[in-house]
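K.L.:
can't give you the sequence, but here's the structure:
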């Protein structure tokens, strides 16, 4: 699998791959505690490439890593659509409690963003982490 890093660890902005570049999607009140990206050549329920969380040291935007398989998955629903995040460990914190707290706060921020930007309540939830 080819994983493209869209949002580097410690970034306060969420980015998505757009053509040959990246576009800012939204600002978060807390930095990403991991590298966030997508799995090239895949499609999720939202029509975008499947999400990837890469634990370990900070990688620059546009970095590409190769992986044979995911080490785990964080189960999500975003605006009523399944939006799971595949987890890849390249060192760093593999602490389920720590990651769960982060993802629960992330979901709250998504709900607030839908309320502020679209004036509607969106069904968003974090459903847990499974390690393989």
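P.N.:
Arrived safely. What you see is a predicted model, and the numbers here were worked out from it, not measured in a lab. Residues are numbered from 1 along each chain as shown.

K.L.:
in this protein, which spans are helices?
P.N.:
Remark: helices assigned in the chain by DSSP state H are 96-118.

K.L.:
tell me the residue furthest from the middle of it?
P.N.:
What lies farthest from the middle of the chain is residue 119; by C-alpha atoms, centre = their mean that is 23.4 Å.

K.L.:
Now the phi/psi pair for it, please.
P.N.:
The phi and psi torsions at residue 119 (degrees, to the nearest 10) take the values phi 50, psi 40.

K.L.:
now it: how far from residue 112?
P.N.:
According to C-beta to C-beta, to the nearest Å, residue 119 stands 12 Å off from residue 112. Yep, even glycine has a C-beta here, placed from its N, CA and C like the rest.

K.L.:
Over to residue 103?
P.N.:
Using C-beta to C-beta, one gets 15 Å for the distance from residue 103 to residue 112.

K.L.:
just residue 70 next, same as before
P.N.:
29 Å.

K.L.:
Residue 36 too?
P.N.:
Distance, residue 36 to residue 112, by C-beta to C-beta: 19 Å.
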